[in-house]
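let me see the structure of the following:
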Amino acid sequence: MNKYSVDGREKAVKFWQKVFLSVLLVFVIAFNIGMFTVMHFTYKEQLNSVKQRARGETYFLRNSMTKDFTSLEEVSTLTRDKKKNIYDSYALYYEEQDVFLELWSGNSQIGGYFDSNLESREELDTKENVQNLLVREINNEEYLFLACSLEEPYENHTLVVAYPLMELENTRKQLVQIVICVDIVITILLSVILYLIIQRLMKPLKFLSDATQGIAKGYYNQKVKISSKDEFGNLAMNFNTMSEKIDEAIHLLQEESDKKQQLIDNMAHELRTPLTSISGYADYMRMAALSEEERIHALDYIIAESKRLEKLSKSLLLIADIREGELTKSVVSTEQLKSYVYNLFHEQLAEKQMRLEVNCEIETIEANEVLLQSLLGNLIENAIRACNEDGKVVVTFYSQGGPCLMVEDNGIGMEEDELIKIMEPFYRVDQARSRKNGGVGLGVTLCQQIVRLHQGEIRYESVINKGTKAIITFTT
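Predicted coordinates for the structure are as follows:
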């Protein structure tokens with residue numbers, strides 16, 4: 001056990017170290033790539049801004065210088081010296097703003113600051129009204145050169161504007177230094193924070209280990225309190241779910257045991273009532289001098305209670321067979337079921353002066369014929385009990401995503417809380433009415449078992465004094 005603990009601890013150390021180094025390395029690489037990408041695009045944007053400014057000022061100078069040349073030529077001869085004077089006035093003004101100008105007349109330089117070697121001055125290769133822009137390094141300093149021809153009739157003159165990019169380069173170098181410093185500080189902070197987080201995240205392993213040991217000792221209600229949503233959190237959630245399922249299974253077993261005991265108690269009560277009546281009337285007939293009419297009345301009562309016992313026995317046996325047996329399906333004709341229920345309830349309907357209506361919107365249902373007849377018989381019998389004289393029961397076979405059966409009556413209806421209780425064995429909505437009509441309280445339970453065996457669904461809808469609907473949906 002100790003060896004295993006040591007090995008496990010060594011594996012955990014290696015694991016968190018790998019996670020620590022991997023996350024730290026990925027972050028540093030991603031952070032540096034991101035920051036240098038941002039700096040690159042920032043530099044490009046600043047350079048583009050300088051270029052836009054240079055274009056605008058160059059066009060302004062081009063137009064202004066052309067106008068000055070035109071105005072001077074109108075009053076006197078435009079000599080080279082006069083051109084030089086106009087150039088100097090502009091050059092001195094812009095030099096104060098660290099912007100340098102050059103003026104060329106053909107291949108001859110009228111004024112300028114930079115190399116006059118034409119072979120190294122690519123920007124001088126211009127066309128009319130077209131700016132030629134490039135960046136050149138001079139004396140370890142970068143300049144943005146922009147050249148364009150003057151307007152007619154001075155298109156053989158070329159104006160060059162040079163913007164120093166030293167400030168832009170200094171800004172970029174400062175950004176690089178800041179990023180490096182920030183990178184170092186953030187890496188150190190991340191290392192500390194990441195170490196603390198990983199140590200915290202590893203704590204759930206101990207909780208899971210302790211809970212697992214508790215399960216191994218037979219304490220199946222163990223719970224792990226881990227609120228994280230990572231793998232440990234999922235494992236803890238699954239562990240707690242497993243514990244809950246076991247606890248639920250134990251409770252279900254207890255509930256099943258209680259239900260069985262309740263069924264036995266209810267069945268004993270149901271058996272005791274008719275047996276007591278039969279025994280009492282039999283003693284009454286043996287001990288007392290009865291008239292023929294009284295004797296027949298007592299015998300009728302004994303026979304009625306005996307039939308109720310027989311019906312109770314058959315219902316219980318059928319429920320037991322359903323739970324233990326296998327379902328054999330066949331194609332059942334709805335018209336045959338219609339004839340079956342008419343024949344089965346003819347006398348009972350006539351006695352209460354009720355009507356039974358059967359609508360066959362589908363021709364067949366795939367089910368167990370015997371169980372389907374029992375299901376239909378119990379539902380109609382319950383509907384007849386719920387109705388007064390001149391009542392009506394409607395049976396409808398239809399399709400809605402699968403075969404469906406609906407039994408509807410216009411009887412007394414039920415409260416909402418009674419719709420839940422009717423599934424319980426021996427429960428009767430109206431005790432007196434059910435006993436008078438020979439009910440044993442197992443019809444709804446039997447119907448539920450038959451529908452469940454067919455993998456279907458049964459539900460009830462009811463309104464007081466308006467009636468009840470039993471709706472069954474079968475699987476295809």
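
hey, where'd the helices end up in the chain?
In the chain, the helices defined using DSSP state H lie at 2-75, 80-95, 166-201, 203-216, 231-287, 292-324, 334-344, 346-352, 369-386, 416-421, 431-436, 443-453.

which other helices and strands contact the last one?
In this case it means helix 443-453. If you count contacts as 3 or more Cβ pairs under 8 Å, 6 or more residues apart in numbering; DSSP states H and E, helix 443-453 packs onto helix 292-324, helix 369-386, strand 457-463. From N, CA and C alone the C-beta is placed, and that goes for glycine too.

re the thing from before, weakest of the helices of the chain by average pLDDT?
Lowest mean pLDDT of the helices of the chain: helix 431-436, a mean of 43.

point to the residue nearest the middle of the chain.
K229 (15.6 Å; Cα atoms, centre = their mean).

show the contacting residues for that residue.
By Cβ atoms under 8 Å, 6 or more residues apart in numbering, the contact list for K229 is empty.

N63 now?
By Cβ under 8 Å, 6+ apart, the residues touching N63 are E151.

could you measure from the residue nearest to the centre of the chain over to F20?
K229 sits 21 Å away from F20, going by Cβ to Cβ, to the nearest Å.

so what's the residue lying closest to M354 once chain neighbours are set aside up against?
Excluding the flanking residues, the one nearest M354 by Cβ to Cβ, 6 or more residues apart in numbering is G391, at 4.7 Å. By Cβ under 8 Å, 6+ apart, the residues touching G391 are K352, M354, R355, I384, D409, N410, G411.

count of neighbours near the second one?
Using other Cβ atoms under 10 Å, M354 has 21 neighbouring residues.

same check on the last one?
Residues within reach of G411, counting by other Cβ under 10 Å, total 22.

pretty sure it contacts E389?
No: contact between G411 and E389 fails when scored by Cβ atoms under 8 Å: they sit 11.1 Å apart.

surely L72 and T79 touch.
No: taking contacts as Cβ under 8 Å, L72 lies outside contact range of T79: 9.4 Å.

more neighbours, those two?
Using other Cβ under 10 Å, the more surrounded residue of L72 and T79 is L72, with 16 against 11.

quick one: the residue nearest to the centre of the chain from E244, how far?
The gap separating K229 from E244 is 19 Å, by Cβ to Cβ.

S333 and V451, how far apart?
20 Å.

so for the two, which residue has more residues nearby?
V451 (21 against 14).

isn't that one up against I472?
Yes: using Cβ under 8 Å, V451 is in contact with I472, at 5.6 Å.

okay, and the common contacts of those two?
L375, E457, I458.

among those, which one lies nearest to V185?
Among the shared contacts of V451 and I472, E457 lies closest to V185 (Cβ to Cβ), at 65.5 Å.

list the contacts of that closest one.
V451, I472, T473.

just L419 next, same as before
Neighbour list for L419: Y460, S462 [criterion: Cβ under 8 Å, 6+ apart].

now do it against Q449, distance only.
Noted for L419: a distance of 18 Å to Q449, by Cβ to Cβ.

one more: M354?
Using Cβ to Cβ, M354 is found at 27 Å from Q449.

neighbours of G112, how many?
Using other Cβ under 10 Å, G112 is surrounded by 17 other residues.

what about the closest residue in space to it that isn't next to it in sequence, neighbour count?
Excluding its sequence neighbours, the residue lying closest to G112 (Cβ to Cβ, 6+ apart) is E102, at 3.4 Å. If you count neighbours by other Cβ under 10 Å, E102 ends up with 23.

surely E102 meets E95?
No: when contacts are counted by Cβ under 8 Å, E102 is not listed as touching E95 (11.8 Å).

what about T445, neighbour count?
By other Cβ under 10 Å, the residues close to T445 number 20.

quick revisit: quick check, nearest of the contacts of E457 to L146?
For these, the nearest to L146 is T473 (82.7 Å; Cβ to Cβ).

and the closest one, how far from L453?
Plainly put, T473 is 14 Å away from L453 if you go by Cβ to Cβ.

Q373 now?
14 Å.

now Q174
Noted for Q174: a distance of 82 Å to L453, by Cβ to Cβ.

so these two - more neighbours on which side?
L453 (17 against 10).

return the distance of the more buried one relative to Y340.
Counting by Cβ to Cβ - L453 and Y340 are separated by 20 Å.

measure how buried A147 is and give me the count.
Number of residues near A147 (other Cβ under 10 Å) recorded here: 23.

ok, now Q17?
The burial count for Q17: 11, using other Cβ under 10 Å.

and Y87, by the same measure?
20.

and F397, by the same measure?
Residues lying near F397 (other Cβ under 10 Å) number 22.

check the one 5 residues further on too.
As a burial measure, G402 scores 13 neighbours (other Cβ under 10 Å).

could you report the pLDDT at it?
pLDDT at G402 comes out at 89.

can you tell me how far it is from A30?
G402 sits 56 Å away from A30, going by Cβ to Cβ.

ditto for N234
27 Å.

with T396 instead?
Counting by Cβ to Cβ, the gap from T396 to A30 is 68 Å.

tell me which of those two has more neighbours.
Set T396 next to A30 and count neighbours by other Cβ under 10 Å: T396 wins out with 18 against 10.

quick one: residues contacting the closest residue to E137 other than its chain neighbours.
Nearest residue to E137 in three dimensions, chain neighbours excluded: Y143, at 7.7 Å (Cβ to Cβ, 6+ apart). Y143 makes contact with F100, F114, V135, R136, E137, A162, Y163, P164, L165, according to Cβ under 8 Å, 6+ apart.
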